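Colleague: no letters, just coordinates:
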Ligand SMILES: Nc1ncnc2c1ncn2[C@@H]1O[C@H](COP(=O)(O)OP(=O)(O)O)[C@@H](O)[C@H]1O
Ligand SMILES: O=C(CO)[C@@H](O)[C@H](O)COP(=O)(O)O
């Protein structure tokens, strides 16, 4: 019974699952929170990872570990492997102007967007790493000059687990590389020209591994040391390439890891015809595809997946936190919020929330704010507001589902995951808004599970990851209510007109 560990270092927390490599059975798990904010010192992720691993009973008995992480975050390292500045996260919108500049430099309007979609798979918005590098070059030239390597959150954590053995040992995978804006899912190569265009010069980037290619071995000292980089055995190491020195006799393998959405696809075993909708900090809608996407409108990002295929994806900035915000507004907890939402009629008698509480990425409106439309005496109740919040975040995701269909995705089954899927209101209202049944696997950590499944693939070998059953999924069926999306579309367009990008 070899055991493997999967780690999900996502926006709000770090989650660790320990599973049986062959059967996928859950053995133990742990979690720890991340700090709030859209710029975070990576040391906080490392501390949370160590706390979550400790809560999961440690890693002494595992044969392989993979880390999945929030995509796009810019982690800049200097020559010594020290972090140059706090990481800018995927939901930090300060680089929106840099994104517009980069797109415009490739051509006017549609021509520039098409050039990017063809070169990097996606039209960059503020989330993409390339735009953050451009922002750094323009706004913090002293920091930009210190950058010797740039990597992503999961790359950095994998490297730390390996003992931080020099910049040349940084590793990533196709899935996360495809969210940088300087790697092409079409060719599988870095676009050095785009990296140079963003930062002004070439720096070290992680080697991109295949889906089950080891990234090195766990340095047993890595998890034993102190928290801060540079603190003895725990800090960036020798500068040597390859596995960390001091890896134990057990030689725990490190998987390549991946972005959190690619890991979720692996965690639920998404196949042809499956579309996954994740209601986490971000809202994402994605499918596994055999060919890369290149959407010049920028709505669908043409990512790669964690199995050697592709992951066309739509991402909104506002999902589960819309529930948190509505609960705070109403002075209730998340269970009460769901009860309130289900007590109001479908469509909330015309009350519509456009939930751009953090600005929005899809549609690209980084400066937008949220708004509520259709307030009347009748709709001025907690239940109506709760329902409008749930419907609003789901309508934004339904727009994503349409965009994915327009790019050729087959939608036979919609799988609902992420922290927000724990809400009964989200699960029951989703089929009314999406216009089709949704399947909700039991509440779980599917990103960490996908990472664990990748680790099992690395440990066991073979042409495909081991098949792990997805038991206990429940189908939610409801009569579609098209009026919900029609009213939302009117309110949304009103807001979009106010905040033209
Ligand atoms: N019972 C629940 N009902 C509704 N939402 C929930 C519930 N439990 C957790 N959440 C939501 O889950 C969110 C975190 O989701 P998660 O997928 O873990 O985020 P991330 O992976 O982005 O860090 C929180 O913002 C919270 O609103
Ligand atoms: O930016 C994207 C996808 O392009 C986000 O999906 C991030 O990967 C963050 O994920 P969560 O923490 O919300 O799961």
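Modeller: That came through, no problem. No experiment lies behind these values; they were computed from the predicted model shown. Ligands and ions are numbered 1, 2, ... in the order given.
Colleague: the stretch 251-400 of the chain: strands as residue ranges?
Modeller: In the stretch 251-400 of the chain, the strands defined using DSSP state E, counting those that start in this stretch lie at 253-254, 258-259, 274-279, 283-287, 301-304, 310-316, 352-354, 371-373.
Colleague: now the protein against ligand 1: closest residue?
Modeller: The minimum distance from the chain to ligand 1, using C-beta to the nearest ligand atom, falls at residue 419 (2.1 Å). No exception for glycine: its C-beta is placed from N, CA and C like everyone else's.
Colleague: which one is that residue nearest to, not counting chain neighbours?
Modeller: residue 320 (5.0 Å; C-beta to C-beta, 6 or more residues apart in numbering).
Colleague: next up, the contacts around the one you found.
Modeller: 279-281, 283, 393, 418-420 (C-beta atoms under 8 Å, 6 or more residues apart in numbering).
Colleague: which stretches of the stretch 1-150 of the chain have low pLDDT?
Modeller: Nowhere does the stretch 1-150 of the chain drop to pLDDT under 70.
Colleague: burial count for residue 269?
Modeller: 20 (other C-beta atoms under 10 Å).
Colleague: that one against residue 467, yeah?
Modeller: Yes. Under the criterion of C-beta atoms under 8 Å, residue 269 makes contact with residue 467 at 7.3 Å.
Colleague: around ligand 1, pick out the residues from the stretch 251-400 of the chain.
Modeller: With the criterion set to C-beta under 6 Å from any ligand atom, the stretch 251-400 of the chain comes near ligand 1 through 280-281, 320-321, 323-324, 334.
Colleague: possible to save the residues you listed as JSON lines with distance to residue 165 and pLDDT?
Modeller: Conversion of those to JSON lines gives the following (distance: C-beta to C-beta, whole Å; pLDDT from 0 to 100):
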{"residue": "280", "distance to residue 165": "32", "pLDDT": "98"}
{"residue": "281", "distance to residue 165": "31", "pLDDT": "98"}
{"residue": "320", "distance to residue 165": "36", "pLDDT": "98"}
{"residue": "321", "distance to residue 165": "37", "pLDDT": "98"}
{"residue": "323", "distance to residue 165": "42", "pLDDT": "98"}
{"residue": "324", "distance to residue 165": "39", "pLDDT": "98"}
{"residue": "334", "distance to residue 165": "42", "pLDDT": "98"}
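Colleague: what's the local residue count around residue 436?
Modeller: Residues near residue 436, counting by other C-beta under 10 Å: 17.
Colleague: show me the contacts for residue 267.
Modeller: 6, 417, 445-451, 453.
Colleague: which of those residues fall in strands?
Modeller: 6, 417 (DSSP state E).
Colleague: buried subset of the contacts of residue 267, written for PyMOL?
Modeller: PyMOL command restricting those to the buried ones, with burial defined by 16 or more other C-beta atoms under 10 Å:
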select buried, resi 6+417+445+446+447+448+449+450+451+453
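Colleague: helices along the stretch 201-350 of the chain, start to end?
Modeller: For the stretch 201-350 of the chain, the helices defined by DSSP state H, counting those that start in this stretch cover 260-267, 320-330, 334-343.
Colleague: need those helices in TSV (columns: distance to residue 130).
Modeller: Below are these laid out as TSV (distance: least, C-beta to C-beta, whole Å):
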stretch	distance to residue 130
helix 260-267	18
helix 320-330	25
helix 334-343	36
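Colleague: of all these, which one is nearest ligand 2?
Modeller: Among those, helix 260-267 sits nearest to ligand 2 (C-beta to the nearest ligand atom), with 4.5 Å.
Colleague: list the contacts of the closest residue in space to residue 435 that isn't next to it in sequence.
Modeller: Excluding its sequence neighbours, the residue lying closest to residue 435 (C-beta to C-beta, 6+ apart) is residue 480, at 3.9 Å. Applying C-beta under 8 Å, 6+ apart to residue 480 gives the contacts 431-432, 434-436.
Colleague: next to ligand 2, which bits of the stretch 1-150 of the chain? Give me the list.
Modeller: When proximity is defined as C-beta under 6 Å from any ligand atom, the stretch 1-150 of the chain approaches ligand 2 at 10-11, 70-72, 90, 127.
Colleague: correction: the stretch 301-450 of the chain
Modeller: Remark: the part of the stretch 301-450 of the chain in contact with ligand 2 comprises 301, 315, using C-beta under 6 Å from any ligand atom.
Colleague: just to revisit the earlier point, need the winner for burial among the strands of the stretch 251-400 of the chain.
Modeller: strand 258-259 (a mean of 34; mean count of other C-beta atoms under 10 Å).
Colleague: circling back to that earlier point, residue 347 versus the residue nearest to residue 435, what's the distance?
Modeller: Noted for residue 480: a distance of 12 Å to residue 347, by C-beta to C-beta, to the nearest Å.
Colleague: show the backbone phi and psi for the residue of the chain positioned farthest from its centre.
Modeller: Taking C-alpha atoms, centre = their mean, the residue of the chain most remote from its mean C-alpha position is residue 377, at 39.7 Å. With angles defined as degrees, to the nearest 10, residue 377 shows backbone torsions of phi -60, psi -40.
Colleague: same check on residue 88?
Modeller: phi -90, psi 130.
Colleague: quick check: end-to-end length of stretch 33-50?
Modeller: Terminal residues of stretch 33-50 lie 11 Å apart, using C-alpha to C-alpha, to the nearest Å.
Colleague: ditto for stretch 261-275
Modeller: End-to-end distance (C-alpha to C-alpha), stretch 261-275: 12 Å.
Colleague: starting at the chain centroid, how far to it?
Modeller: 13 Å (C-alpha atoms, centre = their mean, to the nearest Å).
Colleague: gap between residue 477 and ligand 2?
Modeller: 27 Å (C-beta to the nearest ligand atom, to the nearest Å).
Colleague: again, but for residue 377
Modeller: 37 Å.
Colleague: contacting residues around residue 26?
Modeller: Each residue near residue 26 by C-beta under 8 Å, 6+ apart is listed here: 17-19.
Colleague: for the host helix or strand of residue 134, buried residues please.
Modeller: Per DSSP states H and E: residue 134 is located in helix 129-139. For helix 129-139, a neighbour-count test (16+ other C-beta under 10 Å) marks 129-137 as buried.
Colleague: try stretch 1-9
Modeller: 3-9.
Colleague: roughly how far is that stretch from the heart of the chain?
Modeller: Using C-alpha atoms, centre = their mean, the distance between the centre of stretch 1-9 and that of its chain works out at 19 Å.
Colleague: next: stretch 402-417.
Modeller: Using C-alpha atoms, centre = their mean, the offset of stretch 402-417 from its chain centre is 18 Å.
Colleague: is ligand 1 contacted by that stretch?
Modeller: No. Stretch 402-417 is not in contact with ligand 1 by C-beta under 6 Å from any ligand atom; minimum separation 7.8 Å.
Colleague: what does that stretch contact?
Modeller: For stretch 402-417, the external contacting residues (C-beta under 8 Å, 6+ apart) are 264, 267-268, 270, 272-279, 285-287, 289, 293, 295, 297, 299-300, 312, 314, 362, 401, 426-427, 430, 434, 436-441, 444, 446, 473, 476.
Colleague: write out the residues of the stretch 1-150 of the chain neighbouring ligand 1.
Modeller: Taking C-beta under 6 Å from any ligand atom as the contact definition, the stretch 1-150 of the chain meets ligand 1 at 10-13.
Colleague: cross those against strands and list the overlap.
Modeller: Counting by DSSP E, those contribute residue 13 to strands.
Colleague: neighbour-wise, which of the residues of the stretch 1-150 of the chain next to ligand 1 leads?
Modeller: Going by other C-beta under 10 Å, residue 10 tops those with 26 neighbours.
Colleague: ok, now which ones touch it?
Modeller: Neighbours of residue 10 in contact, by C-beta under 8 Å, 6+ apart: 34, 69-70, 260, 280-281, 447.
Colleague: ranking those by neighbours, who comes first?
Modeller: Neighbour-wise, these (other C-beta under 10 Å) top out at residue 447, 33 neighbours.
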